[in-house]
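>>> Sequence first, predicted coordinates after that:
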Amino acid sequence: MYKPEMETLSTEQMKALQLGRLQTTLNRVYNNVAFYKKRFDERNIKPEHVRSLEELALLPFTTKQDLRDHYPYGLFAEPIENIVRLHGSTGTSGKPTVVAYTKNDIAVWSELIARAIVAAGGKSGDVFHNAYGYGLFTGGLGLHFGAEELGCTVVPISGGNTERQILAIQDFKPRGLACTPSYALNIAEKMKEMGVPSSDNTLEYGIFGAEPWSEEMREALEGLLGIKAVDIYGLSEIMGPGVSIECCEAQDGLHIADDHFLVEVIDPDTMEPVDEGVDGELVFTTLTKEAFPVIRYRTGDIASITREKCKCGRTTTRMSRVKGRTDDMMIIRGVNVFPSEIERTLLQIEGLAPHYQIHLVKNGVLDGAELHVELNDEFYKAAGYDLQDEKVHLLEEKIKRELKSACLVTIQTVVNKPKSLPRSEGKAVRIIDHRKPSPITLT
Ligand code: DLL
């Protein structure tokens, strides 16, 4: 462990630490951010009224819309002179959001990433291939500073140009790989295509996140790359990557950095808390952030938490994999379906490549979902390179059956030739919504 005194704190000690830090944070936002002061005053609440962690529930939630409404600097709790870096969210719709860090915030973040890399099986001295995108996205620079903090040799390659990535892996001999799981798959596929001998692949662990992925995808990546793969979670509004990480010992839930973030899980409809072990929306309050503290931020991410001790010895709260975002959940003929559930099913079907996309279309007045999948090379060859072959037809039937039994709904499926779906270089685009009116382009 990188910081065992924090990672193994007893529940009572952790709660006491959290309460002290929460009170400091509430004072900070009350005194420095007009938005929070107004919200507290409207409810006649002063920071000192929150005397226990439970009493945090007296305060309202903060949403992405609040961030947008105060774009760009309206929620900063420090003057711009004290802010050393800005990052932005990668949202594809609406106004962007921007978040800020003081020097100290960057130091805390780097420490949390160092903890994360150690949890993943990394250590000082590792060559660390960082293929998360550099820029406003928090993945690249977040992992970068943390890996340096730990004492790794960072290869700041960013995303894209996959052949060059593979040459860099062959030449620099990294132990650690960091990127989105969908990009890791792209790298693995390209390695195979380029005929890279396994002796040229020195990778031992992968730190994959920034998008939902499944246990089945983990198995695929571990097998293809010969690594141990762990899940890392985070969001720019709270800090960036490193809010939580799986340990390589158990790979059983992501350890939340409780000393810096307070987690709640709520029912997204009623906004009431749900029990441990029950899926709900994650809500985070930052406990130590200076430039951009956030109170009860609704993430839109669906997961559950447990406080049972992990076999790795860490005592922190653990969250399950994120199933998906509330806004990625499809309701197909009344049944809730997350893309990650579709992924789990597809990856278990022989003959398919681990790539898929869901197109949302209008069927008359109704909305419909069309799932696009891809054959793998072996299956396509066995089918005589013919999508009309009986084997393909039988496979289509099988996909339909398996999806129906896993997701309880029939999903229209289109089988494509190998390599016909777009490959990801960052966050994979799983859902394409054709129902949204596209802008009129004039020439
Ligand atoms: O994606 C931060 C990050 C970078 C995390 C690198 C992990 C690795 P945003 O661009 O603000 O920040 O997007 C945050 O991505 O609310 C989730 O919906 C999703 N997400 C992040 N990590 C995971 C994960 C970064 N491990 C949004 N599993 C979050 C599922 C994830 N979804």
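That came in fine, so what should we check first? Numbering: from 1, shown residues only.
>>> List the contacts of the lowest-mean-pLDDT helix or strand in the chain.
Ranked by mean pLDDT, DSSP states H and E, the helix or strand of the chain with the weakest confidence is strand 330-332, at a mean of 86. With CB atoms under 8 Å, 6 or more residues apart in numbering as the test, strand 330-332 has contacts from N336, V337, F338, P339, I358, L360, A369, C407, V409, I411, I431. For every residue, glycine as well, the C-beta is placed using N, CA and C.
>>> Give the buried residues for the helix ranked longest in the chain.
Among the segments of the chain that qualify as a helix by DSSP state H, the longest is helix 11-32. Using 16 or more other CB atoms under 10 Å as the test for burial, helix 11-32 gives M14, Q18, L19, R21, L22, T25, L26, R28, V29, Y30, N32.
>>> Heading C-terminal from that helix, find the next helix or strand.
Next helix or strand after helix 11-32 toward the C-terminus (DSSP states H and E): helix 34-42.
>>> tell me the angle of that following helix relative to helix 11-32?
100 degrees (axes from the mean of the first three to the mean of the last three CA atoms, to 10 degrees).
>>> Which elements pack onto helix 34-42?
For helix 34-42, the helices and strands in contact under the criterion 3 or more CB pairs under 8 Å, 6 or more residues apart in numbering; DSSP states H and E are helix 11-32.
>>> quick one: contacts of the helix it packs on?
9, 36-37, 40, 46-48, 50, 52-53, 56, 77-78, 258-259, 262, 285-290, 293, 295, 307, 315-316.
>>> The ligand next: which of the residues you listed are close?
Among the contacts of helix 11-32, no residue sits close to the ligand (CB under 6 Å from any ligand atom).
>>> which of those residues count as buried?
So, by 16+ other CB under 10 Å, the buried ones in these are 9, 36, 40, 47, 50, 56, 77-78, 258-259, 262, 285-290, 293, 295, 315-316.
>>> Can you pick out the ones from the residues you listed that are in helices?
The helices, defined by DSSP H, take in Y36, F40 from the buried ones among the contacts of helix 11-32.
>>> what residues does the stretch 301-443 of the chain put near the ligand?
Residues of the stretch 301-443 of the chain lying close to the ligand by CB under 6 Å from any ligand atom are D301, V322, R325.
>>> Give the helix, strand or coil label for the first one.
Looking back up the chat, that one is D301. Following DSSP: H, G, I helix; E, B strand; the rest coil, the label given to D301 is strand.
>>> Look up the closest residue to H255, ignoring the ones flanking it.
Excluding its sequence neighbours, the residue lying closest to H255 (CB to CB, 6 or more residues apart in numbering) is T316, at 4.5 Å.
>>> gap between that neighbour and the ligand?
Taking CB to the nearest ligand atom, to the nearest Å as the measure, T316 falls 16 Å from the ligand.
>>> right, and that residue touches F261 too?
No: shown here, T316 and F261 do not form a contact pair, counting by CB atoms under 8 Å, at 10.1 Å.
>>> OK, contacts around the spatially most central residue of the chain?
Nearest to the mean C-alpha position of the chain, by CA atoms, centre = their mean, lies A210 at 3.1 Å. Going by CB under 8 Å, 6+ apart, A210 touches Y132, G139, T180, I232, G234, P241, G426, K427.
>>> beta partners of the fifth one?
It refers to G234. Judged by DSSP bridges, the bridge partners of G234 are P241.
>>> Roughly how far does it sit from H434?
The spacing between G234 and H434, counted by CB to CB, to the nearest Å, is 31 Å.
>>> Over to the second one?
If you measure G139 against H434 using CB to CB, the figure is 28 Å.
>>> Name the residue in these two with the higher neighbour count.
Using other CB atoms under 10 Å as the criterion, G139 and H434 rank with G139 on top: 29 against 13.
>>> which residues does that one contact?
Contact partners of G139, counting by CB under 8 Å, 6+ apart, are Y132, G133, A178, T180, A210, G240, P241, G426.
>>> how about 10 Å then?
Going by CB atoms under 10 Å, 6 or more residues apart in numbering, G139 touches 87, 90, 130-133, 158-159, 178-180, 209-210, 232, 234, 236, 240-241, 426-427.
>>> before we move on, which element is it in?
Per DSSP H and E: helix 138-150 holds G139.
>>> now swap in G223 and tell me
Taking DSSP H and E as the definition, G223 sits inside helix 215-225.
>>> And S244, by the same measure?
Take DSSP H and E as the rule and S244 turns out to sit in strand 240-246.
>>> Which element is encountered next along the chain beyond that strand?
strand 254-256.
>>> mean confidence for that next one?
Across strand 254-256, the average pLDDT comes to 98.
>>> just checking, what packs against the strand or helix carrying I342?
If you go by DSSP H and E, I342 is part of helix 339-346. Applying 3 or more CB pairs under 10 Å, 6 or more residues apart in numbering; DSSP states H and E, we find helix 339-346 packed against helix 215-225, strand 324-325, strand 352-363, strand 366-375, helix 390-407.
>>> Quick one: residues in contact with the second one.
With contacts defined as CB under 10 Å, 6+ apart, strand 324-325 is touched by 211-212, 281, 299-303, 330, 336-341, 343, 430-431.
>>> Same question for the longest one.
Contacts to helix 390-407, defined as CB under 10 Å, 6+ apart, come from residues 330, 332, 335-338, 341-342, 344-346, 348-352, 371, 373, 375, 379-380, 382-384, 386-387, 389, 409-415.
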